[in-house]
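> predicted model and sequence below, questions to follow.
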Protein chains: 2
Amino acid sequence: MRVLGVDPGTLVTGFGVIDVVSGGVRHVAHGTIRTRSKDPLWVRITTIHDALVDLIADHRPDALSLERCFVGKNIQSALKLGHTRGAIMVAATAASMEVAEYAPTAIKQAVTGRGRAEKNQVAEMVKMILGLPDVPQSDAADALAAAITHVHGDRSRLVPFKEGRL
Amino acid sequence: MRVLGVDPGTLVTGFGVIDVVSGGVRHVAHGTIRTRSKDPLWVRITTIHDALVDLIADHRPDALSLERCFVGKNIQSALKLGHTRGAIMVAATAASMEVAEYAPTAIKQAVTGRGRAEKNQVAEMVKMILGLPDVPQSDAADALAAAITHVHGDRSRLVPFKEGRL
């Protein structure tokens, strides 16, 4: 199974692709999609949507794993983020992918063992689990963490790549 | 020019297609897209997205005109509506359509001449302007009103179909 994790953001959207392989998870790709704040929202979400369509065509993942967002109290931010997430979801469903969402605490718990872990601890564990040479950029790390969480249900397949513990 | 107006809603999305013709605007189609509240959000927005993709393929509109939503104070509703609007916008941009948004008051003003008109007054004016036999269903009427607003900038093209005044 191949999983595309996405950390949605109107300015920066992180993505990460992993494979579930015998004995663990394997890193395939990660990165960020950036939009220009001066562009109208529909242009920005189209940029994100189209980048995801390309990523999906390139990597052919089976599932999309999204971080369920913490929206705080700002209605306009929630509305904007909703647009972004909607654009991401339809890119996945158009490719007949399964879609799953996980709460931030569930992702932290799955990756570090602690629901209240700090962002840099998540990124460090993602690096360790996937055997990456460097700590990934923060949004990409969160996306990889969401992907890892999606396959976490089946612990037998999730022996960390190196010495990391899930 | 052909305009697709949409009144986005996670449960009911209204749509309306109009043509700008010599001497006024002409009704092409209108209706609603409904989703099941028991389905997950990504299934619901995919239903709306796919229905719009079909509508756009059938009618080939040049522009999408959306009602800028009034989101109130509920963060979760704003987030959900954002998803719906994002899914609608990418359906339009994938077809290289122009996208425009109008505030509810701007739409009421354009259609009835009063920014604080009641919903049923908007629907009545839409019926009159487009020469429809009946008052359209409320969400479809709002969608047609959004479409009419988009072409309203050029008043010379917007002589109402019957006795209505813009």
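That came in fine, so what should we check first?
> how far away is residue A:9 from residue B:99?
Taking C-beta to C-beta, to the nearest Å as the measure, residue A:9 falls 21 Å from residue B:99. All C-beta atoms are positioned from the backbone trio N, CA, C, and that covers glycine.
> of the two, which one has the most company?
Higher neighbour count among residue A:9 and residue B:99: residue A:9, with 21 against 18, using other C-beta atoms under 10 Å in any protein chain shown.
> in stretch A:60-79, what's buried?
Residues of stretch A:60-79 classed as buried under the neighbour-count rule (16 or more other C-beta atoms under 10 Å in any protein chain shown) are A:61, A:63-69, A:71, A:75, A:77-79.
> give me the contact status of that stretch with chain B.
Yes: applying C-beta under 8 Å from any C-beta of the partner chain, one finds stretch A:60-79 in contact with chain B at A:69, A:71, A:72, A:73, A:75, A:76, A:78, A:79.
> what is the nearest of these to residue A:37?
Using C-beta to C-beta, residue A:76 is the member of the residues of stretch A:60-79 next to chain B that lies nearest residue A:37, at 13.6 Å.
> surely the closest one is in a helix?
Yes: counting by DSSP: H, G, I helix; E, B strand; the rest coil, residue A:76 is found in a helix.
> ok, now which ones touch it?
Residue A:76 sits next to residue B:78 when contact means C-beta atoms under 8 Å, 6 or more residues apart in numbering or on different chains.
> biggest separation within the buried residues of stretch A:60-79, which pair?
Greatest spatial distance among these (C-beta to C-beta): A:61 and A:75, at 32.4 Å.
> enumerate every residue touching the residue in chain A positioned nearest to chain B.
Nearest residue of chain A to chain B (C-beta to the nearest C-beta) works out as residue A:82 at 1.9 Å. The contact partners of residue A:82, taken as C-beta under 8 Å, 6+ apart, are B:78, B:79, B:80, B:81, B:82, B:83, B:84, B:85, B:86.
> nearest to residue A:122, of these?
Residue A:122 lies nearest to residue B:79 out of these, by C-beta to C-beta, at 22.9 Å.
> which SS class is the residue in chain A sticking out farthest from the centre?
Most distant residue from the mean C-alpha position of chain A: residue A:38, 25.1 Å away (C-alpha atoms, centre = their mean). What three-state DSSP gives for residue A:38 is coil.
> equivalent analysis for residue A:19, please.
Three-state assignment for residue A:19 (three-state DSSP): strand.
> find the centremost residue of chain A, please.
Nearest to the geometric centre of chain A sits residue A:143, at 2.2 Å (C-alpha atoms, centre = their mean).
> that residue is in what secondary structure piece?
helix A:138-151 (DSSP states H and E).
> elements contacting the strand or helix carrying residue A:66?
Assigned by DSSP H and E, residue A:66 belongs to strand A:63-67. The contact analysis (3 or more C-beta pairs under 8 Å, 6 or more residues apart in numbering or on different chains; DSSP states H and E) places strand A:63-67 against strand A:2-7, helix A:75-93, strand A:98-102, helix A:138-151.
> a markdown table for those, including distance to residue A:55 and mean pLDDT?
Formatted as a markdown table, the helices and strands packed on strand A:63-67 follow (distance: least, C-beta to C-beta, whole Å; pLDDT from 0 to 100):
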| stretch | distance to residue A:55 | mean pLDDT |
| --- | --- | --- |
| strand A:2-7 | 7 | 97 |
| helix A:75-93 | 9 | 94 |
| strand A:98-102 | 15 | 93 |
| helix A:138-151 | 11 | 96 |
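> and the ones you listed: which comes nearest residue B:50?
For residue B:50, the closest of the helices and strands packed on strand A:63-67 is helix A:75-93, at 8.4 Å, according to C-beta to C-beta.
> picking that back up, is any part of the helix holding residue A:143 close to chain B?
No: using C-beta under 8 Å from any C-beta, helix A:138-151 stays clear of chain B, with a minimum separation of 14.1 Å.
> CA-only coordinates of that helix, as PDB, when you get a sec.
Only the C-alpha atoms of helix A:138-151 are listed here, as PDB (Å, rounded to 0.1, in the frame of the first residue of the first chain):
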ATOM      1  CA  SER A 138       8.100  21.100   9.100                       C
ATOM      2  CA  ASP A 139       5.000  20.900   6.900                       C
ATOM      3  CA  ALA A 140       6.400  18.000   4.900                       C
ATOM      4  CA  ALA A 141       7.300  16.200   8.200                       C
ATOM      5  CA  ASP A 142       3.700  16.600   9.400                       C
ATOM      6  CA  ALA A 143       2.500  15.200   6.100                       C
ATOM      7  CA  LEU A 144       4.800  12.200   6.400                       C
ATOM      8  CA  ALA A 145       3.600  11.800  10.000                       C
ATOM      9  CA  ALA A 146      -0.100  11.700   8.800                       C
ATOM     10  CA  ALA A 147       0.900   9.100   6.200                       C
ATOM     11  CA  ILE A 148       2.600   7.000   8.900                       C
ATOM     12  CA  THR A 149      -0.400   7.300  11.100                       C
ATOM     13  CA  HIS A 150      -2.700   5.900   8.400                       C
ATOM     14  CA  VAL A 151      -0.800   2.600   8.300                       C
END
